[in-house]
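**Q** fold the following.
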Amino acid sequence: MKVEVKTLNEMTAQEWCKLAEERVRVFVVEQECSYQEIDEQDYQAHHLMLKDEQGELVGYTRMMAKDDDHATFGRVLVLKQFRGHKHGRQLVQATIDETKRLFPNKTIQIQAQAYLKEFYASFGFKPISDVYLEDNIPHLDMVLD
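**A** Residues are numbered from 1 along each chain as shown. So this is what the prediction gives:
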């Protein structure tokens, strides 16, 4: 697997369209959550793409500074045809590594979907909030210990 990290200005139109298409497919269609998927945070985010040996997109996340002390990542997805092969673990580990590289003096804090609490805990994340609804989906805040 190959990891690519680009800002919006560094992407080709085809790369951005593919990412937008997959994000809408996962976060709007699959999760039945109608909200503005593409937002202003995409302009300042670093977009991580996990690709296979042929250059086909396998997974995606976006990373950004949250505030003076924290960095965050989100929009974590693995394309449907690649699920069930531990690519999510590869994707999250690559995202943690790149977030630390891009924001070396910031603590990583995320908003995780509640059903993924144990998955993120396996990377060292600890919950720092109760479960709450975000876009009608249960979430909780977690910080990397």
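**Q** and for this protein, the residue most distant from the center?
**A** For the chain, the residue at maximal distance from the C-alpha centroid (Cα atoms, centre = their mean) is residue 54, at 22.0 Å.
**Q** before we move on, what SS does it have?
**A** Secondary structure state of residue 54, per DSSP: H, G, I helix; E, B strand; the rest coil, is coil.
**Q** report the separation between it and residue 1.
**A** Distance check for residue 54 against residue 1: by Cβ to Cβ, to the nearest Å, it reads 11 Å. For every residue, glycine as well, the C-beta is placed using N, CA and C.
**Q** again with residue 97
**A** 13 Å.
**Q** in the protein, where's the longest helix?
**A** When secondary structure is assigned using DSSP state H, the longest helix within the chain turns out to be helix 87-102.
**Q** buried sites along it?
**A** Neighbour-count burial for helix 87-102, with 16 or more other Cβ atoms under 10 Å as criterion, is recorded at 87, 88, 90, 91, 92, 94, 95, 96, 98, 99, 102.
**Q** the residue lying closest to residue 108 once chain neighbours are set aside: what's it in contact with?
**A** In space, residue 108 comes closest to residue 144 once its chain neighbours are excluded; the distance is 4.2 Å by Cβ to Cβ, 6 or more residues apart in numbering. Contact analysis of residue 144 by Cβ atoms under 8 Å, 6 or more residues apart in numbering lists 96, 107, 108, 109, 123, 124, 125, 126.
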